[in-house]
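Visitor: dropping the sequence and predicted coords here.
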Amino acid sequence: MAKAISTQQIHHPYRAPEGWDAFPVGVYKASTVLFKNTADLHKPRPRDGHSYRYGLHGTPTSYTLAARLATLEGAEHCLLVPSGLAGVTLVSMALLRPGDEVLVPDNVYGQNRYLTESWLPQFGITHRFYDPLDAASLADMLGPQTKLVWLEAAGSITLEFPDLLGLVAACKAQGVLTAIDNTWGTGIAFNPFALGIDVSMNALTKYPSGGADVLMGSVCTRDLALHERLNHAHEHLGYSVGQNDVELVLRGLPTTELRYRAQDATTRALAAWMQAQPAVAQVLHPALPGSPGHAHWLATSSAGAACLFSAIFKPEFDAKQIDAFVDALALFGIGYSWAGPMSLAVPYDMRRSRNLARPYADGQLVRFAIGLEAEADLRADLAQALAVLSP
Ligand SMILES: Cc1ncc(COP(=O)(O)O)c(C=O)c1O
């Protein structure tokens, strides 16, 4: 009996064309993965990044992206998650248990701060903030309950570059796991595993995508046992990524380093120019001598710096005047995220997001994320907007 049209369409035999060999990775999508028969169904399938059981766990497309990201970060294993924040959550949820303590840098990415302060306590997980420039004080804080230390290089918004060598050495001496938010370095400025860091989280939303059109994150490790702990939580939390989004990140990867270096060069030039402007008290950028943590950046990361700098304005300018400066910018969008093609500017009140002493000037702060526009155009735009702060 002839099958109905819908049945014929669903069961139409599909094979990738013989001899089809092209650079782009095929976009394979599935919720259901079909087994040959029940014997095949019952066969154990290792979580090795090659076995297929169900679309939630991975497809040839997502496994290819995970493998390429592991290469980018110098890792062995990689898990994909729906956003950078989901990557932070996965690491903390997988590696911490009731009674454990996590230490986070005082300049940690804001959403990691909120997760740690307002979500983890309900699972009996305590936390303290540490000064990322002071490895000796971190060493003093490590205790038997400390099971995880988050690192971030450079720190969010104020971009202090941590004493990575000292902080990792202190954790290693006590056998405490380290996880880094590696979005800023993205595997290009430094290799977190070569520095002895155990887990690296990268918000693919930023550089690897590069298009400002997708949200995704990755969690990489070298150690198989650690990867299995993370993978276990990954399955239980039901983290999955859409294959169209995976395709977008795969498209961004070949140009990631070129974009990183181009944006780095424009950012350094604009940061140095901004430092010389009369309205500005201090520019924060790890490659600028005098910026907090500059020596630590030189020690580990002189191969690159990301597309971010922050300007602290002289204290005589109030929040309203700084908002007016940001509104006067024509080429800079006002919005969150970074590493996309369009430059962005956001004013921040840093007094509300730090617990410890601040190693930078007081005043209103604007964070700039530099895109792919020409440096001269961006400089001219900054110059015309600064005119609103002239006497
Ligand atoms: C340093 C850093 N880490 C993590 C994230 C989170 O990434 P996502 O926006 O994909 O959740 C961001 C986003 O702005 C970030 O700046």
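Guide: Arrived safely, thanks for sending. Residues are numbered from 1 along each chain as shown.
Visitor: and Thr116, what does it touch?
Guide: 92, 102, 104, 108, 127, 150 (CB atoms under 8 Å, 6 or more residues apart in numbering). Placement of C-beta: from N, CA and C, glycine included.
Visitor: near the ligand, which residues of the stretch 251-391 of the chain?
Guide: Applying CB under 6 Å from any ligand atom, we find that the stretch 251-391 of the chain lies next to the ligand at 336-337.
Visitor: do a quick rundown of the helices in the stretch 251-391 of the chain.
Guide: Under the criterion DSSP state H, counting those that start in this stretch, the stretch 251-391 of the chain contains helices at 256-275, 294-301, 319-328, 375-386.
Visitor: quick one: mean pLDDT for the strand or helix carrying Thr7?
Guide: For Thr7, the element it lies in under DSSP states H and E is helix 5-10. Across helix 5-10, pLDDT averages out at 79.
Visitor: buried stuff in stretch 295-313?
Guide: 296-297, 300-301, 304-313 (16 or more other CB atoms under 10 Å).
Visitor: what is the most widely separated pair among the contacts of Thr116?
Guide: Checked with CB to CB, those reach their widest spread between Ser92 and Val108, with 11.3 Å between them.
Visitor: mind checking pLDDT for Asp21?
Guide: 81.
Visitor: which single residue in the stretch 51-200 of the chain comes nearest to the ligand?
Guide: Among all residues of the stretch 51-200 of the chain, Gly84 sits closest to the ligand, at 2.3 Å; criterion: CB to the nearest ligand atom.
Visitor: run a quick neighbour tally on that residue.
Guide: Neighbour count of Gly84, defined by other CB atoms under 10 Å: 24.
Visitor: report the contact partners of it.
Guide: Gly84 touches 181, 183, 201-206, 215-217, counting by CB under 8 Å, 6+ apart.
Visitor: output the residues you listed in JSON lines; the columns should cover distance to Glu73, neighbour count and secondary structure.
Guide: Shown next, in JSON lines, are the contacts of Gly84 (distance: CB to CB, whole Å; neighbours: other CB atoms under 10 Å; DSSP: H, G, I helix; E, B strand; the rest coil):
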{"residue": "Asp181", "distance to Glu73": "12", "neighbour count": "27", "secondary structure": "strand"}
{"residue": "Thr183", "distance to Glu73": "11", "neighbour count": "25", "secondary structure": "coil"}
{"residue": "Met201", "distance to Glu73": "10", "neighbour count": "30", "secondary structure": "strand"}
{"residue": "Asn202", "distance to Glu73": "7", "neighbour count": "29", "secondary structure": "strand"}
{"residue": "Ala203", "distance to Glu73": "13", "neighbour count": "28", "secondary structure": "strand"}
{"residue": "Leu204", "distance to Glu73": "11", "neighbour count": "31", "secondary structure": "coil"}
{"residue": "Thr205", "distance to Glu73": "16", "neighbour count": "27", "secondary structure": "coil"}
{"residue": "Lys206", "distance to Glu73": "14", "neighbour count": "25", "secondary structure": "coil"}
{"residue": "Leu215", "distance to Glu73": "19", "neighbour count": "17", "secondary structure": "coil"}
{"residue": "Met216", "distance to Glu73": "14", "neighbour count": "26", "secondary structure": "coil"}
{"residue": "Gly217", "distance to Glu73": "12", "neighbour count": "28", "secondary structure": "strand"}
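Visitor: what ranges do the helices span in the stretch 51-200 of the chain?
Guide: Assigned by DSSP H, counting those that start in this stretch, the helices in the stretch 51-200 of the chain fall at 60-73, 84-95, 110-118, 135-141, 164-174.
Visitor: quick one, which of those is packed in tightest?
Guide: helix 84-95 (a mean of 24; mean count of other CB atoms under 10 Å).
Visitor: what angle do it and helix 110-118 make?
Guide: Angle, helix 84-95 to helix 110-118, by axes from the mean of the first three to the mean of the last three CA atoms, to 10 degrees: 40 degrees.
Visitor: His127 is in contact with Asp106, correct?
Guide: No - if you go by CB atoms under 8 Å, Asp106 and His127 don't touch, sitting 11.6 Å apart.
Visitor: follow-up on the earlier one: nearest to Arg367, of the contacts of Thr116?
Guide: Closest to Arg367, out of all of the contacts of Thr116 and judged by CB to CB, is Val108, at 15.1 Å.
Visitor: and for the nearest residue to that closest one once chain neighbours are set aside, the neighbour number?
Guide: Excluding the flanking residues, the one nearest Val108 by CB to CB, 6 or more residues apart in numbering is Glu152, at 5.4 Å. Per other CB under 10 Å, the neighbour tally for Glu152 reads 24.
Visitor: I'd like the numbering to begin with 534 instead of 1 from here.
Guide: Happy to do that; since the first residue is 534 now, the last one works out to Glu685.
Visitor: Gly552 versus Glu685, what's the distance?
Guide: As defined by CB to CB, to the nearest Å, Glu685 lies at a distance of 47 Å from Gly552.
Visitor: about what we covered before: who does the spatially closest residue to the residue of the stretch 584-733 of the chain closest to the ligand that is not a sequence neighbour form a beta bridge with?
Guide: Closest residue to Gly617 in three dimensions, ignoring its sequence neighbours and counting by CB to CB, 6+ apart: Ala736, at 2.5 Å. Residues in a beta bridge with Ala736, per DSSP bridges, are Gly750.
Visitor: close enough to count as contact, Ala736 and Val747?
Guide: No - with contact defined as CB under 8 Å, Ala736 does not count as touching Val747 (10.8 Å).
Visitor: many thanks, I have nothing further to ask.
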